[in-house]
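J.: sequence and predicted structure are below.
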Amino acid sequence: MHLRLIEIENFRGIRSLSLKLDVITAVFGEGGFGKSSLIEALQICLAPPNNNGLLPEFKNEDFHIPPGQDEPQAQKLSITLTYRESTPNEWSHDAYSGLAKVIGEWREGRREIALRIDAIRIAEKSNRDETLEGLSKQNSDEPIQKTARADSIKTTSKAEHEDDRAMEESDIESFCTFLKPDRTPVFGADVEQCLRTLRTLCPVIALRWHDAKTNNSPSSSAEREMLASNQPTTENTTSGAGSNMTDDDKYILSVYKKAISQPDRLTREELSGAIEALSKMAGRYNLTDPGRIARYQLLINEIRETATRFTPFVENGARLSRFGDLHQVVALIAIVGTLLESRGTLELPEQAQPIIAAENLETNLHPISLGCLWDLLAQMPVQKLMVTNSDDLLASLPLKSLRRVVRRSNGLEVFAVGSNSLTIDDIRRIGYHLRLNRADAIMNRCWLFVEGESEGWLLPEMAHILGYDFKSEGVRCVEFAQCGIEPLIKLAHDLGIEWHLISDGDQAGQHYVEIARRFLDGRPFASRISCMKELDIEHHLCKHGFLEVYAKAAGPHINRKDNTHAIVKSAVKRNSKPALILKVIEFAQEHGMSSVSPLLTRVVETCIESARKCEPEFLVLSTRKKKE
């Protein structure tokens, strides 16, 4: 049971978002696009019921606050989750019988379930009916008031906020509604029971290592004593854990909390005890239950294998080493500890398909630990949603799992690789050339396609001489000669990345230009493609002020009156290309902006302009003046 679509309106940092999900989905983008809000929205909808009821209680700060505003402007927020069968009759098992009345026919013989949670903010009780009526008119296909009475469950909470003048109070009403595929409400269903069943079958487990120190500060006396004494405890150290937790569960959880709050004080003895407790988990599963074993066998095997590799008592009380297999152990404890903290138990129904939602795992993790953590997560047969800006992590994922998010004035725009845009050969070429060797390229706003390394070294330095910084502007030189230009243009188009090609003037360069011309999409030729009249970059530089550099590099036997081709050939023969480009850069730095040719100046400024057009709305603090 996989979540296929998340739709969010006016929730915290997100004004509007529609995000399609795969079995593995990685969301990335420039900071501030609402990544924390995305994870929190899932937790709110699919978390276990709180003490006050099944529905979450929203606060004023949960409603979207536009940039430049201090208070929420929206009266309504909405979170919609859509599940679809991967294959026909996937939900025919008895475990899904409790959802029968909210399952709708989608297409191609597959079915779907759509859940929507709304919250309405009402400043005064006297305005309740007026507010509901107004919102109903704005959403004529979603009669909120009728839905709340007939086919939804609802809850009301107080939300307070304080300013310099007075304390104000609002009523916030929450509604839960199941929807048909045409997005009209489902009638006649036990919404509360269906929501409980959905949360049981598809729980969300959030991995948020970066803020664990804040969220896991010691709250109980047992936990504080444990940290003070540097010893884990088997007492229940979290209010969210269930009563069915064993002593081994509690010990693992206490070691996990110590690992994220005081990692420098974690000892080998404590870690060995946690691994022993992890190994015992295998015996807690019914070995006659093939479904459960299929789901957890990989995790159990990893636990056992790790336990045999780990030498527990090398030195009594020795501090934990941060290298080698111990990274795998820490990663494993992080995953299991998070599961225990979120649910209070690892036990799940046989048909349960959890969603692991991970945010910024790279923030406080060593790259080796991050690699080990993802290696374990990848083996778990569950749906995964990651929000990350780790290019190494993104490079390890299938291209079709990537979702690039850009903030616009009207919401978040999501870019993904199309299902038919790249061939198998394209994916192979990109995987080898770009993702494994230039993984950080997908984090940029504009790609400058260059044929060879010389241009890749030269152009960022020429941009610097002209007063621009490619890195801070989001421009990345991407060499394409070994990969081919077409797959990279397709990928840039799918991910919403601007691009520009600079080509040599030889026959191969003209071939690349003709390929790129097919992807102009109505854009002016000059905004996408620049052609050198000379054979290559070396001949272009010689013709535009750098003949002296190449003549010196060519050696004393070369006369400056010789033809350019002879000079370049001798210079390249006597020097490496990096050495020649370094000499060119040093010469350009001495002579300033006037030494940069008109063509290279135009290429740099075109890329800068393209990158700035892709700048997220919230980052545009002032209007930039075009460079004279």
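T.: Yep, that arrived.
J.: what is the least confident helix or strand in this protein?
T.: Within the chain, no helix or strand scores below helix 144-150, which has a mean of 36 by mean pLDDT, DSSP states H and E.
J.: not counting sequence-adjacent ones, nearest residue to Pro72?
T.: Computed as CB to CB, 6 or more residues apart in numbering, the closest residue to Pro72 that is not its neighbour in sequence is Phe63, at 3.6 Å. C-beta coordinates here come from the backbone N, C-alpha and C atoms, glycine included.
J.: need the contact list for the one you found.
T.: Counting by CB atoms under 8 Å, 6 or more residues apart in numbering, Phe63 touches 10-12, 72-75, 77, 119, 121.
J.: can you do 10 Å?
T.: Counting by CB atoms under 10 Å, 6 or more residues apart in numbering, Phe63 makes contact with 10-12, 71-77, 119-121, 159, 170, 172.
J.: repeat that for Leu77.
T.: Leu77 touches 8-12, 14, 41, 58, 62-64, 117-121, 172, 174, counting by CB under 10 Å, 6+ apart.
J.: please pick the buried ones from those residues.
T.: 8-12, 14, 41, 58, 62-64, 117-121, 172, 174 (16 or more other CB atoms under 10 Å).
J.: of the contacts of Phe63, the lowest pLDDT goes to which?
T.: Of all the contacts of Phe63, Ala159 has the smallest pLDDT value, namely 51.
J.: returning to what we had before: now the residue nearest to Pro72: phi and psi?
T.: phi -80, psi 140 (degrees, to the nearest 10).
J.: before we move on, what about Trp91?
T.: Dihedral angles (degrees, to the nearest 10) for Trp91: phi -100, psi 30.
J.: poorly predicted segments of the stretch 451-600 of the chain, please.
T.: Within the stretch 451-600 of the chain, the segments meeting pLDDT under 70 span 560-561.
J.: can you pull out the helices in it?
T.: In the stretch 451-600 of the chain, the helices defined using DSSP state H, counting those that start in this stretch lie at 453-465, 470-473, 485-494, 507-517, 525-528, 537-541, 547-554, 564-574, 577-591, 598-613.
J.: and for Leu535, the neighbour number?
T.: 16 (other CB atoms under 10 Å).
J.: who's in contact with it?
T.: 504-507, 509, 564-565, 568.
J.: picking that back up, as TSV, the helices of the stretch 451-600 of the chain with distance to Gly273 and mean neighbour count would be great.
T.: Rendered in TSV, the data for the helices of the stretch 451-600 of the chain read as follows (distance: least, CB to CB, whole Å; neighbours: other CB atoms under 10 Å):
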stretch	distance to Gly273	mean neighbour count
helix 453-465	52	20
helix 470-473	46	16
helix 485-494	48	21
helix 507-517	61	15
helix 525-528	61	14
helix 537-541	62	23
helix 547-554	65	19
helix 564-574	64	17
helix 577-591	54	16
helix 598-613	52	19
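J.: so which of those is nearest Leu376?
T.: Among those, helix 485-494 comes nearest to Leu376, with 28.8 Å by CB to CB.
J.: out of the buried ones among the contacts of Leu77, which sit inside strands?
T.: Cross-referencing those against strands under DSSP state E gives 8-11, 14, 117-121, 172, 174.
J.: from the residues you listed, pick the one nearest Val584.
T.: Ile14 (47.2 Å).
J.: for the closest one, which residues are in contact?
T.: Counted by CB under 10 Å, 6+ apart, Ile14 has contacts 6, 8, 33-38, 40-41, 64, 77, 79, 405, 407, 411-412.
J.: can you check Ser595 too?
T.: Going by CB under 10 Å, 6+ apart, Ser595 touches 462, 465, 541, 544-546, 584, 587-589.
J.: before we move on, what about Arg523?
T.: Counted by CB under 10 Å, 6+ apart, Arg523 has contacts 498, 529, 610.
J.: double-check that Thr80 belongs to a strand.
T.: Yes - counting by DSSP: H, G, I helix; E, B strand; the rest coil, Thr80 falls inside a strand.
J.: give me the pLDDT for it.
T.: The per-residue pLDDT reported for Thr80 equals 97.
J.: same check, this time on Ala378
T.: Reported pLDDT for Ala378: 75.
J.: cool, Phe63 as well?
T.: pLDDT, read off for Phe63, is 91.
J.: what's across from it in the sheet?
T.: Phe11 (DSSP bridges).
J.: which among the contacts of Arg523 gets closest to Glu192?
T.: Looking across these and measuring by CB to CB, the closest to Glu192 is Glu498, at 48.9 Å.
J.: contacts only, for that closest one.
T.: 444-448, 474-475, 492, 523, 527-528, 606-607, 609-614.
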